[in-house]
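Engineer: how would this look folded up:
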Amino acid sequence: MAASVTLTAGALALADVAGAPGVGDPYFPASGNGGYNALHYDVVLKYTPKTQTVAATVTMTARAGHPLRTFNLDFRGPRVTSVTVDGIRAAHTRDAGELVITPAVPLARGEEFTTVVSYTGTPTSIQHGTLGTYGWIKTREGAIVLAEPDGASTWLPVNDHPSDKATYDFTITVPKHLKALANGEPLAPSLEGNWATFRWRQPVAMASYLASVAIGKWEMTHGKVGDITVITAVDPKFKKSLTQVHRRTMRALRWGRTTFGPYPFRTSGAIVDDPRLDYALETQDRPIYGGFVPSEDFVVHELAHQWFGNSVTVRRWKDIWLNEGFATYAEWMYREHRSKKDSAAKTFRSYYRQPAKAPIFQTPPGAPGREQMFGFPVYVRGAMTLHVLRQRVGDAKFRTILKTWAAERQGGHGTTEQFVALSERVSGKKLDKLFQVWLYKKGKPKRGSW
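Structural biologist: Purely as a prediction, here's the structure:
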């Protein structure tokens, strides 16, 4: 027994000076890193389309959560050419998607430190059987990044998990015939010789999977919804649809502000690029649509994510229904807003009429597992859960719940347990059985069981 205690103490002592290579998310055990919290990323990147290569320097400012002898960054990108910590060259190794860094001087608990990683080469995308293609994706003219769930590490040395959000600055240099977009607010571009440099600033903390760049020949337009700048860009092949996409975005944004409360960011918009990816992603501020002109439903869905997923972010991937179920139910609510004949109740009934063996009833959306985290049940049965909640508490309190969730957790994180607690607080009703039946039980919920 004594030997066992000594061994455990030794292991704890070692752990106290080495940052963990993951945050312990069972869906993505290698994602994220322990021992520090990222505060800000400054991304300086030059892209050469002819060779598809980047030369980049990424500066991460972070705070140590405990003494650190070593720490990790998630990075599956090109060859690293140098690493410094607080201006001093640091030793580093690569190991299965991890960049392991050993500072010349160990870091103290609570210390703010700066890590600079330079790299060069060709980033690649991730091909996954159920999640599709994501990460750094080559396009006809340039490149685009869609990184959910763990694709940020294909192009950034980063703490790649939504539990650790940070602010970002982007400085992107491309051939002068191209333009580079990114998250946040545009700053003044500059031109030097045959190269143009575009600068973007994201002052609101952002999960790494929402960070993006989009390089191409863009047709662009600008607008305003209140004090929110709306920037819409499309690949030239979609030039005729630019105005349509822009107007749909503006309409959905106005409706979202009324329905969910103040918009949580300073800019909004849309990006439509050429690769036919068959999905869209709610990249912060400006969702990206992969190779298609988005319908009204698509636009509403991705903009709803700006409140539910981007501003209020899941702390663990298991709770992904808080993103997708909410955005899907936003579609139902918007249709109801546009036409009383197309009510959310009608949509709910159309799904509930499906047989018990239907796919939407086979996967509990509150614990779908990694392979089904973007499956149909997470979206649709997640939305059905919200409709059942709305029926139980009434329209007024349901809308108060949505607005309160978005307001009280703006810029932070939320879990299913916290959403259940909020719903009970606002409604004054006991709702644990409702959520248990709809989120965690396999099979078609029977009427009267919740």
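Engineer: Which elements pack onto whatever helix or strand residue 306 lives in?
Structural biologist: Under the criterion DSSP states H and E, the helix or strand holding residue 306 is helix 296-307. Secondary-structure packing of helix 296-307 (3 or more CB pairs under 8 Å, 6 or more residues apart in numbering; DSSP states H and E): helix 242-260, strand 267-273, strand 280-281, helix 321-338. For every residue, glycine as well, the C-beta is placed using N, CA and C.
Engineer: can you redo the ones you listed as CSV with distance to residue 303?
Structural biologist: Shown next, in CSV, are those (distance: least, CB to CB, whole Å):
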stretch, distance to residue 303
helix 242-260, 5
strand 267-273, 7
strand 280-281, 11
helix 321-338, 8
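Engineer: right, so these: which one is the most enclosed?
Structural biologist: Mean neighbours per residue, mean count of other CB atoms under 10 Å, is largest over the helices and strands packed on helix 296-307 for strand 267-273, with a mean of 25.
Engineer: hmm, back to that, rebuild the helices and strands packed on helix 296-307 as JSON lines, extending it with mean pLDDT and distance to residue 365.
Structural biologist: Converted to JSON lines, those look like this (pLDDT from 0 to 100; distance: least, CB to CB, whole Å):
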{"stretch": "helix 242-260", "mean pLDDT": "98", "distance to residue 365": "20"}
{"stretch": "strand 267-273", "mean pLDDT": "98", "distance to residue 365": "27"}
{"stretch": "strand 280-281", "mean pLDDT": "96", "distance to residue 365": "20"}
{"stretch": "helix 321-338", "mean pLDDT": "97", "distance to residue 365": "4"}
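Engineer: And these: which comes nearest residue 196?
Structural biologist: Across the helices and strands packed on helix 296-307, residue 196 has its closest neighbour in strand 267-273 (17.9 Å, CB to CB).
Engineer: Remind me what the closest one packs against, helices and strands.
Structural biologist: For strand 267-273, the packing partners by 3+ CB pairs under 8 Å, 6+ apart are strand 213-216, strand 228-234, helix 242-260, strand 288-290, helix 296-307.
Engineer: can you rerun that using 6 Å?
Structural biologist: When contacts are defined as 3 or more CB pairs under 6 Å, 6 or more residues apart in numbering; DSSP states H and E, strand 267-273 sits against strand 228-234, helix 242-260.
Engineer: Mind listing residues that contact that strand?
Structural biologist: 139, 144, 185, 214, 228-235, 238, 245, 249, 253, 285-289 (CB atoms under 6 Å, 6 or more residues apart in numbering).
Engineer: Grab the CA positions of it and hand them over as CSV.
Structural biologist: Provided in CSV are the C-alpha atoms of strand 267-273 (Å, rounded to 0.1, in the frame of the first residue of the first chain):
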residue,chain,number,x,y,z
THR,A,267,-20.4,41.6,-38.1
SER,A,268,-22.4,39.0,-40.0
GLY,A,269,-22.8,37.8,-43.6
ALA,A,270,-22.2,34.7,-45.8
ILE,A,271,-19.6,33.1,-48.0
VAL,A,272,-20.5,30.8,-50.9
ASP,A,273,-17.5,29.0,-52.4
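Engineer: begin at 37 from here
Structural biologist: That works, and once the first residue is 37, the last one we named lands at strand 303-309.
Engineer: partners of that strand, with directions?
Structural biologist: When pairs are called by DSSP bridges, strand 303-309 turns out to pair with strand 264-270 (parallel), strand 324-326 (parallel).
Engineer: now the angle from that strand to helix 278-296?
Structural biologist: Angle of strand 303-309 versus helix 278-296, following axes from the mean of the first three to the mean of the last three CA atoms, to 10 degrees, is 140 degrees.
Engineer: just how off-centre is strand 303-309 within its chain?
Structural biologist: 15 Å (CA atoms, centre = their mean, to the nearest Å).
Engineer: same deal with stretch 401-409?
Structural biologist: In terms of CA atoms, centre = their mean, the gap separating the centre of stretch 401-409 from the centre of its chain is 17 Å.
Engineer: Stretch 224-232 too?
Structural biologist: On CA atoms, centre = their mean, the centre of stretch 224-232 falls 30 Å from the chain's centre.
Engineer: contacting residues around that stretch?
Structural biologist: By CB under 6 Å, 6+ apart, stretch 224-232 touches 209, 212, 233, 234.
Engineer: on that earlier part again, quick check: PyMOL command selecting the buried ones in the contacts of strand 303-309.
Structural biologist: Per 16 or more other CB atoms under 10 Å, the buried members of the contacts of strand 303-309 correspond to this PyMOL selection:
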select buried, resi 175+180+221+250+264+265+266+267+268+269+270+271+274+281+285+289+321+322+323+324+325
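Engineer: Would you confirm that residue 327 contacts residue 315?
Structural biologist: No. If you go by CB atoms under 6 Å, residue 327 and residue 315 don't touch, sitting 9.3 Å apart.
Engineer: Please, which helix or strand holds residue 207?
Structural biologist: Using DSSP H and E, residue 207 maps to strand 202-211.
Engineer: helices or strands up against whichever helix or strand comes after that strand?
Structural biologist: Using DSSP H and E, the helix or strand that directly follows strand 202-211 along the chain is strand 215-218. Here strand 215-218 touches strand 202-211, strand 249-252, going by 3+ CB pairs under 6 Å, 6+ apart.
Engineer: Take those and write them to TSV, including distance to residue 225 and mean pLDDT.
Structural biologist: Shown next, in TSV, are those (distance: least, CB to CB, whole Å; pLDDT from 0 to 100):
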stretch	distance to residue 225	mean pLDDT
strand 202-211	10	98
strand 249-252	13	98
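Engineer: so which of those strands is the most packed in?
Structural biologist: Of all the helices and strands packed on strand 215-218, strand 249-252 has the most neighbours on average by mean count of other CB under 10 Å, namely a mean of 25.
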